[in-house]
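Chemist: pasting a predicted model and its sequence here:
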Amino acid sequence: MIGASKIKQYSNVLEKPLSKGKQEVSLSAFAFLFSELVQYNQTQVDNIAELERRYGVILLLQTMFLGPWAAGSEIVHNQLCRLEDAGYAVGARCLELLCHREKGNRRETRLLGILSFVHSTVWKVLFGKVADSLEKGTEHEDEYMISEKELLVNRFISIPKDMGTFNCGAFVAGIVRGVLDSAGFPAVVTAHFVPMEGQQRPRTTILIKFAEEVLRREARLG
Amino acid sequence: MAPAGPRSGDAIFASVERVNAELFTLTYGAIVRQLLTDLEEVDEVNKQLDQMGYNIGIRLVDEFLAKSNVSRCVDFKETAEVIAKVGFKMFLGVGASVTNWDAEGTCCSIVLEDNPLVDFVELPDTCQGLYYCNVLSGVIRGALEMVSVPSCASLSLVFSSSS
């Protein structure tokens, strides 16, 4: 090979220059990878449930008194937790990366600021478009909702009826929680399907419920 | 009507829907981290990554054949070239090259200059021996098995990137 350029060797990954973030992979590559993540978590949770069945009385009692759906929902809950934890890790790193690259090392300190950061910047970088809508909850002061007609991660996923409330958007909810938590806005974030009239596929809403301390701080800051 | 010829990797990549590579990279990192937490043994993680790759590969090959329109490969050399030039380009958006052919033509290395899976990644000392990208070898193994290429007895990943 003539004229091959010498590739610079970096001793430390932190010394490597940060990419511009314009590189892309095909959607199907991501979809395949995500489906493996979900399937792996399903097998892991089956193992946990099996373990609980053998050694834990609690699950047995639940099943006896509340019926089999209670045990099922326990399994779904475990799966959601694991997916969310995976997303949390992604979110924490996203915050660092985007604050440095897009925001010139400035991090939002106000509630609306961080919400619009998530709704526009984070969404734009990760999913290629800003989120469909950002709304404040009407019933509670501490609730906000980010809605999306069809989450990228849910595009090729259909949930069987017996899985009930399982939503792979929990991964995205985890990402949002990771960003908010690392930015100093602890919150509980969940993903929900909202059936829409005239639409075959339901809309997905990411519900964000901020912790008390966030609202107190926000009130103090005026 | 003459059948359409095989499309180049670049052309296919330009025509498919794409996502930000960083989402892909971070998701893969989350998967590896979960596996390390659950399984703890580096060998187990390698095996699990290979298995995941295998599951992906057996389905990925359908999409590959449908989109790329490649004709049947005559020998293993051609197969390796197609994987490197078309396959990797089409899914990961990066080109690869084939080197290190052995005398019989049964063994080669596919080298990725720019691997999106390993952006931002550094392996700590506790994880030496982890084949971080083992999912890729699983994908290739699964895809080849589906098209009846007598499966490689060992597909191991050797890191040869710029990092």
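Modeler: Here it is on my side, so go on. What you see is a predicted model; the values in this text were computed from it and never measured.
Chemist: and residue A:177, how far is that from residue A:124?
Modeler: 19 Å (C-beta to C-beta, to the nearest Å). In short, each C-beta sits where N, CA and C put it, glycine included.
Chemist: neighbour count: the two, which is higher?
Modeler: residue A:177 (25 against 15; other C-beta atoms under 10 Å in any protein chain shown).
Chemist: where does that one land in three-state SS?
Modeler: helix (DSSP: H, G, I helix; E, B strand; the rest coil).
Chemist: so which residue is smack in the middle of chain A?
Modeler: residue A:172 (2.3 Å; C-alpha atoms, centre = their mean).
Chemist: isn't residue B:146 up against residue B:55?
Modeler: No. Using C-beta atoms under 8 Å, residue B:146 is not in contact with residue B:55, being 11.5 Å away.
Chemist: can stretch A:177-186 be said to contact chain B?
Modeler: No. Using C-beta under 8 Å from any C-beta of the partner chain, stretch A:177-186 never reaches chain B; the gap is at least 10.0 Å.
Chemist: what residues does that stretch touch?
Modeler: With C-beta atoms under 8 Å, 6 or more residues apart in numbering or on different chains as the test, stretch A:177-186 has contacts from A:84, A:87-96, A:107-109, A:111, A:114, A:117-118, A:122, A:187-189, A:208, A:210-211, A:213-214.
Chemist: at 6 Å what do you get?
Modeler: Stretch A:177-186 has contacts (C-beta atoms under 6 Å, 6 or more residues apart in numbering or on different chains) with A:88, A:91-92, A:94-95, A:107, A:114, A:118, A:122, A:187, A:189, A:211, A:214.
Chemist: and what of stretch B:126-138?
Modeler: B:42, B:46, B:49, B:50, B:52, B:53, B:54, B:117, B:155, B:157.
Chemist: okay, it in CSV with CA atoms only?
Modeler: C-alpha atoms of stretch B:126-138 as CSV (Å, rounded to 0.1, in the frame of the first residue of the first chain):
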residue,chain,number,x,y,z
THR,B,126,-10.0,-5.6,35.4
CYS,B,127,-11.5,-6.3,32.0
GLN,B,128,-8.4,-7.4,30.1
GLY,B,129,-9.4,-10.3,27.9
LEU,B,130,-12.8,-8.8,27.2
TYR,B,131,-13.5,-8.8,23.5
TYR,B,132,-15.5,-5.6,23.5
CYS,B,133,-16.8,-6.0,20.0
ASN,B,134,-17.4,-9.6,20.1
VAL,B,135,-21.0,-9.0,19.0
LEU,B,136,-19.6,-8.3,15.5
SER,B,137,-18.0,-11.7,15.2
GLY,B,138,-21.3,-13.2,16.3
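Chemist: buried ones in that stretch, by neighbour count?
Modeler: B:130, B:131, B:132, B:133, B:134, B:135, B:136, B:137, B:138 (16 or more other C-beta atoms under 10 Å in any protein chain shown).
Chemist: what do you get for stretch B:54-74?
Modeler: Buried-residue list, stretch B:54-74, by 16+ other C-beta under 10 Å: B:54-61, B:63-64, B:67-68, B:70.
Chemist: and what of stretch A:13-32?
Modeler: A:19, A:23, A:24, A:25, A:26, A:27, A:28, A:29, A:30, A:31, A:32.
Chemist: quick one: low-confidence parts of chain B?
Modeler: For chain B, the stretches with pLDDT under 70 are B:1-6, B:150-163.
Chemist: show me the contacts for residue B:50.
Modeler: With the criterion set at C-beta under 6 Å, 6+ apart, residue B:50 makes contact with B:134, B:138.
Chemist: and it, what element?
Modeler: Assessed by DSSP states H and E, residue B:50 sits inside helix B:42-68.
Chemist: immediately after that helix, which helix or strand?
Modeler: helix B:76-82.
Chemist: distance from the chain centre to the helix or strand that that next one is followed by, please.
Modeler: Next in sequence after helix B:76-82, counting helices and strands by DSSP H and E, comes helix B:88-92. Centroid separation for helix B:88-92 versus its chain: 9 Å, with C-alpha atoms, centre = their mean, to the nearest Å.
Chemist: so which elements touch helix B:88-92?
Modeler: helix B:9-15 (3 or more C-beta pairs under 6 Å, 6 or more residues apart in numbering or on different chains; DSSP states H and E).
Chemist: how does it look with 7 Å?
Modeler: strand A:24-26, helix A:27-55, helix B:9-15, helix B:42-68 (3 or more C-beta pairs under 7 Å, 6 or more residues apart in numbering or on different chains; DSSP states H and E).
Chemist: related to what we said a few turns ago, and which of the buried residues of stretch B:126-138 is nearest to chain A?
Modeler: residue B:135 (7.8 Å; C-beta to the nearest C-beta).
Chemist: pick out the residue closest to the middle of chain B.
Modeler: residue B:136 (3.4 Å).
Chemist: which SSE is that one in?
Modeler: Here residue B:136 is assigned to helix B:134-146, by DSSP H and E.
Chemist: so that helix versus helix B:42-68, what angle?
Modeler: 50 degrees (axes from the mean of the first three to the mean of the last three C-alpha atoms, to 10 degrees).
Chemist: where along chain A do the strands fall?
Modeler: Secondary structure of chain A by DSSP state E: the strands cover A:24-26, A:133-136, A:143-148, A:187-194, A:203-210.
Chemist: rewinding a little: the contacts of stretch A:177-186: which ones sit near chain B?
Modeler: Residues of the contacts of stretch A:177-186 in contact with chain B (C-beta under 7 Å from any C-beta of the partner chain): residue A:94.
Chemist: list buried residues within the contacts of stretch A:177-186.
Modeler: Applying 16+ other C-beta under 10 Å to those flags A:88, A:91, A:92, A:94, A:95, A:107, A:114, A:118, A:122, A:187, A:189, A:214 as buried.
Chemist: thinking again about what came up before, spit out the contact partners of the residue nearest to the centre of chain A.
Modeler: Contact analysis of residue A:172 by C-beta atoms under 7 Å, 6 or more residues apart in numbering or on different chains lists A:87, A:151, A:153, A:191, A:206.
Chemist: can you pull the pLDDT of it?
Modeler: Per-residue pLDDT puts residue A:172 at 91.
Chemist: thank you kindly, that will do.
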